[in-house]
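>>> Below is the structure, and that's it, no one-letter string:
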């Protein structure tokens, strides 16, 4: 039997994920005894050099944590610092922030669907490889992705690290006519987003189920993106919510018995943020088109509390979220009235502020402490991938164990097994650049004596 | 992803960075598939799980060197590349993480990590050129998509990239933007900053924050009295100059 004895599988460099990571799987006599997602991005010390900066700077500075979701960082930073200073922005500014965020959702979710995730379902190495046989599909993906970038370029000045966001609003708000220029492109994007749902619905999905609790923002009346209350849906169906300022007392790093690693836990339990969590918590607030798309994709009826727990099917949920984000962008553009002023002043107030928004890959929390001059004295950033790491490792363990139990010799080869594990990781669209400050986890494991 | 055996090969590498410059390559939506017809994307982990061994004709490097492992890795990348092109502020100047160069990195470690002793890092964040020879440095936080395509095209055809060295001021005038410093007294690093972004910030009513780094002969000291006039004290000026290309502006003079 090929699965007798001990072996360690190690993939030194994960592909088709953002940032640099590795995975390690330990198998002993057919039992998976360890599954680790290793993050070896070098530390960049954002939380350290934010200290001493002006309170106006974190939106621009923290954008640089992640080139894939800079808007998420800008929005969580603004939310936290405006909270500290007791400032509320104009409703029209809030709508524009949501529009900018829709741009990032469209871009980033489409990037993941077409360039990172779809090749797994079609047995290909990359989207470029895929384009040889599915050129029209890949071109549709690139066009859709570009529509998201177009929103960010118009409203933010550029799509990676937009320059137009500032505390209290924007440096400059667009005229109605400028926004309308996006409309035609977004109408095309709406068709492309629908086609995307149909396309991914045709993929084959392995059976799998995450038993992590879901954590997502909820904002009744809308599918939460740029604001909302952290809401928990436990595996037993129980809902609860907590104020954003309680985040760090609810989501904690804890030592787990079977490992030397620290893991992020919500009330002591494993949790997952991101598309699956959002869909379960806020699905009934999707637009009618997106609800229809969800039904067509086989995700169930969001009006009746549909929940998807199969991480492979997250690609369907992402596709539905793109339909929603395009819809929502069109709604904002059509009803847009320029705000009375592009931004409100945010005079510094000594104190602490908390902010949470929904990055494409999950809930992103920021906390800042300011002194009376507005100098940042402390900063905490909790990215979604850091929270999801435990749930991802659970998935890894399950996927590998299922393959071992099935006993199919072809599936037991190292290459097949590691391929499965890489897929299990990609299901969650991890952003490893963001989570680099969890580097200590990997190293602690190593120093703890486990290979 | 190799197309034909004779196609030039491209590899993408990433030490410490945010991924934004690599994403800029994937943001070339109109050109990506055409580009893939003209060169073989041989190593690009973020976009493909297939990797062909080097040596490569063009190696693109995003990110700065902050660990001894990356210092070794960059030498291996150099050895395996005919042309090495650095992408963006991190790779060309050390990036925002070069703020550690002005601080006590042990203090940083203790601030961020529960077990600081487990974190191995160098005291500075260095540009790639501090470690190995670089054939072309593309600036920006992030790089500009048009400039990236220009550099790739130039290297593929064996000519010099047409990347002007002038200031953001120059680009601003060409764009027809009213000067934010002259008209509104807004502090702006445009006069000393390398062009390439398309002078976006002034077009959106804010001063340039220098994310493309200093242009050659930037004469930063000449700008200081203007920044002072527009309300920036010494601390504000220091922060203004020391952000996304912190180390590069520091070489240009005192804030």
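Received it, and whenever you're ready, just let me know what you need. Since we're looking at a predicted model, the values are computed, not measured.

>>> which phi and psi does residue A:343 have?
Backbone torsions for residue A:343, taken as degrees, to the nearest 10, come to phi -150, psi 160.

>>> what's the burial count for it?
19 (other C-beta atoms under 10 Å in any protein chain shown). (Glycine included, C-beta is placed from N, CA and C.)

>>> Same question for the one 4 residues further on.
Residue crowding around residue A:347 was assessed by other C-beta under 10 Å; the count is 11.

>>> Tell me if I am right that it is in a strand.
No. Counting by DSSP: H, G, I helix; E, B strand; the rest coil, residue A:347 is located in no strand; its state is coil.

>>> All the helices of the stretch 351-451 of chain A, residue numbers only.
A:384-406, A:409-412, A:414-426, A:439-447 (DSSP state H, counting those that start in this stretch).

>>> oh, I was asking about the stretch 51-200 of chain B
B:68-79, B:88-93, B:105-112, B:145-157, B:168-175, B:180-184, B:200-203.

>>> out of those, deepest packed?
helix B:88-93 (a mean of 33; mean count of other C-beta atoms under 10 Å in any protein chain shown).

>>> Which among the helices of the stretch 351-451 of chain A is found nearest to residue B:82?
Closest to residue B:82 of these is helix A:414-426 (C-beta to C-beta; 30.3 Å).

>>> tell me which residues of that closest one are tucked away?
Residues of helix A:414-426 classed as buried by neighbour count (16 or more other C-beta atoms under 10 Å in any protein chain shown): A:417, A:418, A:419, A:420, A:421, A:422, A:423, A:424, A:425, A:426.

>>> again with stretch B:218-238
So stretch B:218-238, judged by 16+ other C-beta under 10 Å, has buried residues B:218, B:220, B:223, B:224, B:227, B:230, B:232, B:236, B:237, B:238.

>>> which residues touch that stretch?
A:54, B:167, B:181, B:185-187, B:189, B:191-193, B:214, B:240-241, B:249, B:252-255 (C-beta atoms under 8 Å, 6 or more residues apart in numbering or on different chains).

>>> Going through these, which ones are buried?
Buried among the contacts of stretch B:218-238 (16+ other C-beta under 10 Å): A:54, B:167, B:181, B:186-187, B:189, B:191-193, B:214, B:240-241, B:249, B:252-253, B:255.

>>> Thought residue B:62 was touching residue B:13, still the case?
Yes. Using C-beta atoms under 8 Å, residue B:13 is in contact with residue B:62, at 7.3 Å.

>>> Setting aside sequence neighbours, what's the nearest residue to the closest residue to chain A within the stretch 1-150 of chain B?
Nearest residue of the stretch 1-150 of chain B to chain A: residue B:20, at 2.1 Å (C-beta to the nearest C-beta). Nearest non-adjacent residue to residue B:20, counting by C-beta to C-beta, 6 or more residues apart in numbering or on different chains: residue A:67, 2.1 Å away.

>>> For the one you found, the count of nearby residues, please.
27.

>>> quick check, it in a strand?
No. Looking at residue A:67 with three-state DSSP, it is coil, so not inside a strand.

>>> Touching, it and residue B:27? I think so.
No. The criterion here is C-beta under 8 Å, and residue A:67 misses it with residue B:27 at 10.1 Å.

>>> Quickly list what's touching both of those two.
residue A:160.

>>> remind me which residues of the chain are low pLDDT?
Since you didn't name a chain, this refers to chain A. A:1-4, A:40, A:254-263, A:433-451 (pLDDT under 70).

>>> To clarify, I was referring to chain B.
Ranges of chain B meeting pLDDT under 70: B:1-5, B:114-118.

>>> how does it divide into domains?
Following automatic domain parsing, one finds the domains of chain B at B:9-157, B:168-250.

>>> wait, what's in contact with the spatially closest residue to residue A:343 that is not a sequence neighbour?
Spatially, and ignoring its direct neighbours in sequence, residue A:343 is nearest to residue A:169 (3.1 Å; C-beta to C-beta, 6+ apart). Contact analysis of residue A:169 by C-beta under 8 Å, 6+ apart lists A:89, A:90, A:93, A:96, A:339, A:341, A:342, A:343, A:344.

>>> among those, which are in helices?
A:93, A:96 (DSSP state H).

>>> and the closest residue to residue B:174 other than its chain neighbours, what are its phi and psi?
Nearest non-adjacent residue to residue B:174, counting by C-beta to C-beta, 6+ apart: residue B:199, 7.8 Å away. Main-chain torsions, residue B:199, degrees, to the nearest 10: phi 50, psi 50.

>>> Residue B:199 contacts residue B:190, correct?
Yes. Contact criterion C-beta under 8 Å: residue B:199 and residue B:190 qualify, at 7.1 Å.
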